[in-house]
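# Starting from these lines, generate the structure:
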Amino acid sequence: MEIIEEITSSSWEKGTREYKIAALYNSVLDKENRNKQGTEPIKKYLELIEAAENIDDLISAHNTIFKDTCLSVFFEFNLTVDIKNSTEYMLYFETISPLLQKEFYIEDSSKREMYLTYLSTMLELGGETKDKAAVMAQQYIDTEKVLAGKMLDVADQNNVDIIYNVFSFQELKEMFAGVNIDSVFEASGLKQTDKILITDVEKTKALAGLLKNENIDALKTHAKFNLLSGWGASLNQEFSDTIDKFNQDYFGISGSYSDEEKATRNVRNLLADYIGEIYVEKHFSEQAKTDVEKMVDDIITVYRNRLQNNDWMRDETKEKHNHRR
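Predicted coordinates:
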């Protein structure tokens, strides 16, 4: 926060990292201008979704939204570290998940009406009428329920043997037979390989099963809400207030971040590398680096000794861990 305060109190040449930090911070704080614009910055994307008459149209809108805003309303290709070989990256195909925990959709919940109100309010703020927003909110939950019924339990979501599922590009295209996956990949800007990780296969198949022309209205609702949810807090104050109120009521928390804290969080999340570079330049000397490297070496030495001297681990396992840095 001190770094950001120092930067925003000075003038910088356009295009520099400091200029970008100050511009983003001040943009978040400029509530007057954001309130005046309302949903105008994303209006063309809402209209693209509304105009979609079939899955091809909707996927085309999806790709435009992703290329322009880096927001995925259904799925996206990304990079991740290969969880079975940490020296390499691999392609990762990620699909949308329900907003709430799996149990909410499977069991009767006393908070269902609260969630419906939140969904419909967000859709109203996005331009829908009150009656239509209520219908769309129910559509949204119904779609989430299908996905929730197939998604992994929390206990399995970090189990490498369960989530390490490698598909070829052709296999992925066959799973999404009614979708132009080639166009989705093109929008990602990534280089194609034939090794794609899918962590939750059944949830992914469930989404693929929903992407049909007969479900177009429910899918358009999902796309609209995901767009509003993804960018609402960056638009007018009504979105932020609605999101804050739902979080407070649903999770039983009180209070909210101040405007300055929200601006700082945005800078830290979106311009983390710039903040990191400046922090290192100001506070991380060569001596500090040497001290940290020695500390790490000492920790590794202690663990290596413990590995060699324990009596419950096989020699093969000890050897595998002994070669990790």
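# what about the helices in the stretch 151-300 of the chain?
With DSSP state H, counting those that start in this stretch as the criterion, the stretch 151-300 of the chain has helices at 160-163, 169-175, 181-188, 201-210, 216-231, 237-251, 259-270, 272-283, 286-309.
# now what about the helix or strand bottoming out on mean pLDDT in the chain, what contacts it?
Ranked by mean pLDDT, DSSP states H and E, the weakest helix or strand in the chain is helix 315-322, scoring a mean of 79. Helix 315-322 has contacts (Cβ atoms under 8 Å, 6 or more residues apart in numbering) with Arg304, Leu307, Gln308, Asn310. C-beta: built from backbone N, CA, C; applies to glycine.
# what's the most distant pair in these?
Between any two of those, the greatest separation by Cβ to Cβ is 11.4 Å, found for Arg304 and Asn310.
# which one of those two has more residues nearby?
The neighbour count for Arg304 versus Asn310, taken as other Cβ atoms under 10 Å, is higher for Arg304 (14 against 9).
# what sits against that one?
Shown in contact with Arg304 (Cβ under 8 Å, 6+ apart): Asn322.
# Low-confidence bits of the chain, can you list those?
Where the chain drops to pLDDT under 70, the residues are 323-325.
# what residues go with each domain of it?
Annotated domains of the chain cover 39-235, 286-322 [automatic domain parsing].
# Packed most tightly, which of these would that be?
Stretch with highest mean neighbour count among these: domain 39-235 (a mean of 17; mean count of other Cβ atoms under 10 Å).
# How far off centre is that domain?
Chain-centre distance of domain 39-235: 10 Å, with Cα atoms, centre = their mean, to the nearest Å.
# re the thing from before, for the contacts of helix 315-322, give me JSON lines that also has distance to Phe169.
Output for the contacts of helix 315-322, formatted as JSON lines (distance: Cβ to Cβ, whole Å):
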{"residue": "Arg304", "distance to Phe169": "41"}
{"residue": "Leu307", "distance to Phe169": "40"}
{"residue": "Gln308", "distance to Phe169": "44"}
{"residue": "Asn310", "distance to Phe169": "44"}
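# Return the member of those nearest to Lys212.
Minimum distance to Lys212 across the contacts of helix 315-322 is 53.4 Å, recorded for Leu307 (Cβ to Cβ).
# any idea how far Leu119 is from Glu107?
Distance of Glu107 to Leu119, given as Cβ to Cβ, to the nearest Å: 19 Å.
# let me redo that: Ala155
According to Cβ to Cβ, Ala155 stands 28 Å off from Leu119.
# again, but for Leu271
Leu271 sits 31 Å away from Leu119, taking Cβ to Cβ as the criterion.
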